[in-house]
Structure formats: C-alpha cells, structure tokens
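Undergrad: With the sequence up front, the predicted model follows.
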Amino acid sequence: MTTTLWSALVLSAALLGALPVHAADDPPSAVESLLKQLPASETAVRLFNGKDLTGWDGAPGIWSVDGDAIKGANAKPVPTSTYLFTKESYRDFRLLFEVKQTMSPQHSTMHSAVAALGERFTDKGDNAHGFRGPLLMFCHDWGIWDAYRRNRVAPVGAGPKVEKKGDWNLVEFLVVGNRIRCVANGALVFDFTDKPEMLRESPLGLQIHSNAKPQEFRFRGLVLTKNPEDKLVTLVAK
C-alpha cells in the first residue's frame with residue numbers, strides 16, 4: 001500500500017469518526033437543523049453527548065447507547081415503570097428530541113414518556129428509578145398522566161394522525177410557568193395549564209413503562225433550553 005493511499009484511508013477514518021453515528025437507513029437527527037430557530041435568548045444544552053450515558057442515571061440492563069441514540073429496552077417483565085434520569089433538575093424548559101418506538105411482533109405498543117416537574121422516589125420492588133408526578137406521554141398514547149397522584153390530567157389518548165409509527169417522531173415540550181405544551185411532527189398535541197402547586201423543579205426521565213412484554217424505544221437529539229420564551233419553534237402553521 002502506498003504512503004499516499006494509507007494517508008487517505010487514515011484521514012477518511014478520522015473524518016468518519018468525527019461524524020454522528022446513525023443506522024444506515026436513518027437520516028441524521030432533525031433536531032440539529034432546529035437549533036438555529038431557537039430564540040436568541042435561549043442557550044441550547046445537549047443532554048446526550050452521543051457516546052455514553054454521562055449525565056444520566058438509570059437501571060442497568062435497560063439503558064444503553066446505540067449509534068446516535070439512547071436505547072431503552074427490556075427483555076424481562078418490568079414490574080414498575082423505570083426511568084433514565086438527568087442528573088440535573090429543571091423547572092421551565094424547552095425540550096427537543098426525536099423518539100422511535102421499535103415495532104415488531106415481539107415488541108409491545110406501550111407508550112413512553114418524559115417524566116418532569118415531579119419527584120424521583122423508590123417505587124415498589126426496590127425500583128430506585130421510580131417517579132411521582134407528571135408524565136408527558138408519547139407514542140401510541142399521548143397526553144399527561146400524573147403518576148401516583150391524579151392519573152390522567154390531559155386526556156388526548158390515541159396517537160395523533162401525525163404520529164409516525166415505527167419511525168422517528170420529532171417532539172417539542174415547552175413548559176413556561178404552569179403551562180405545558182406538546183408538538184409532534186409540527187402539530188400541536190396538547191396544551192395544558194396545571195395548578196401551580198402541582199409542579200416543581202425535578203430531573204427529567206425517559207420512561208420504560210411497566211409491562212410484561214418486551215419494549216424498545218430510541219431517543220436522539222435531546223436538546224434543552226432553560227427559561228424559554230413563550231413560543232413553540234416546531235409548530236407548523238396551518
């Protein structure tokens with residue numbers, strides 16, 4: 001092998017290593033192209049470094065990194081819902097991410113959620129990654145479920161027509177004061193204003209729901225801004 005050819009191969013490998021890794025049939029995350037649309041007052045915080053679970057805390061055996069995504073999956077029954085929590089806590093925030101629910105005969109159509117504005121606690125069965133409070137639900141079932149308190153408070157139910165089952169869905173959650181909004185693939189899914197006393201600063205958690213069947217969800221993008229402006233950046237005007 002010539003020196004020139006070897007140098008070219010080394011350079012190509014270095015360049016490929018610097019690029020985000022994703023499955024061959026997956027386009028790059030749509031979140032990256034949205035960062036320039038954020039209001040000038042907001043600073044983007046990447047919750048996921050694209051390599052490992054630094055900054056997160058979750059149950060071993062459930063959470064891993066696969067390419068440019070965080071994967072949550074269970075092969076055995078999950079007695080109580082478990083979460084991959086951020087180590088930092090948040091109150092008012094904008095969260096942008098993409099989620100894909102893997103669909104196959106072996107996988108359930110159970111929903112997932114982002115836990116927010118509540119509190120971590122040890123759930124039944126010594127589950128150290130339990131959560132009490134609002135669950136911002138998506139995939140298969142959408143809305144807000146107030147876990148271990150009021151149950152469903154934002155009754156959307158079955159997924160909106162814009163949901164891409166088995167494919168990547170772009171989701172925006174915007175929390176300003178007591179108002180919580182969700183946009184999926186450009187469409188407003190819910191807009192709920194809660195009682196002030198029901199919301200508090202807390203970690204955010206990605207959910208694997210209690211279930212006897214296998215599940216798999218992949219999350220990527222995962223960009224957050226604190227104290228956001230009262231404006232949805234992914235909403236597409238009709």
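TA: Here it is on my side, so go on. Residues are numbered from 1 along each chain as shown.
Undergrad: low pLDDT regions in the chain?
TA: 1-25 (pLDDT under 70).
Undergrad: mind listing the helices for it?
TA: 3-18, 31-34 (DSSP state H).
Undergrad: Next, report how far the shortest one is displaced from the centre of its chain.
TA: The reference is to helix 31-34. 15 Å (CA atoms, centre = their mean, to the nearest Å).
Undergrad: Show me what that helix is packed against.
TA: Where contact means 3 or more CB pairs under 8 Å, 6 or more residues apart in numbering; DSSP states H and E, helix 31-34 is packed against strand 93-101, strand 215-226. (Glycine included, C-beta is placed from N, CA and C.)
Undergrad: Let's have the ones you listed in CSV, adding distance to A184 and mean neighbour count.
TA: Output for these, formatted as CSV (distance: least, CB to CB, whole Å; neighbours: other CB atoms under 10 Å):
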stretch, distance to A184, mean neighbour count
strand 93-101, 9, 24
strand 215-226, 13, 21
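Undergrad: Distance to G130 added to those strands, as JSON lines?
TA: As requested, the helices and strands packed on helix 31-34 are arranged in JSON lines below (distance: least, CB to CB, whole Å):
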{"stretch": "strand 93-101", "distance to G130": "21"}
{"stretch": "strand 215-226", "distance to G130": "17"}
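Undergrad: Show me the one of the ones you listed that comes nearest L84.
TA: strand 215-226 (8.6 Å; CB to CB).
Undergrad: hmm, back to that, for W142, find the nearest of the helices and strands packed on helix 31-34.
TA: strand 93-101 (11.6 Å).
Undergrad: Next, the angle from that closest one to strand 215-226.
TA: 160 degrees (axes from the mean of the first three to the mean of the last three CA atoms, to 10 degrees).
Undergrad: Give me the sheet partners of strand 93-101 and which way each runs.
TA: According to DSSP bridges, strand 93-101 has the following sheet partners: strand 169-176 (antiparallel), strand 215-226 (antiparallel).
Undergrad: so how far is it from its chain's centroid?
TA: 4 Å.
Undergrad: Contact partners for G125?
TA: 79-80 (CB atoms under 8 Å, 6 or more residues apart in numbering).
Undergrad: Same question for R200.
TA: Counted by CB under 8 Å, 6+ apart, R200 has contacts 91, 117-119, 133.
Undergrad: thinking again about what came up before, out of the strands paired with strand 93-101, which gets nearest to G61?
TA: strand 215-226 (13.2 Å).
Undergrad: now that closest one: how far from the chain's centre is it?
TA: On CA atoms, centre = their mean, the centre of strand 215-226 falls 3 Å from the chain's centre.
Undergrad: can you dump the C-alpha coordinates of it into PDB?
TA: What follows is strand 215-226, C-alpha atoms only, in PDB (Å, rounded to 0.1, in the frame of the first residue of the first chain):
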ATOM      1  CA  GLN A 215     -40.400  -2.900  24.600                       C
ATOM      2  CA  GLU A 216     -37.800  -0.800  22.800                       C
ATOM      3  CA  PHE A 217     -37.600   3.000  22.400                       C
ATOM      4  CA  ARG A 218     -34.800   5.000  20.900                       C
ATOM      5  CA  PHE A 219     -34.200   8.700  21.800                       C
ATOM      6  CA  ARG A 220     -31.900  11.100  20.000                       C
ATOM      7  CA  GLY A 221     -31.400  14.900  19.700                       C
ATOM      8  CA  LEU A 222     -32.300  15.600  23.300                       C
ATOM      9  CA  VAL A 223     -31.600  19.400  23.400                       C
ATOM     10  CA  LEU A 224     -32.900  21.500  26.200                       C
ATOM     11  CA  THR A 225     -33.100  25.200  26.900                       C
ATOM     12  CA  LYS A 226     -33.800  26.700  30.300                       C
END
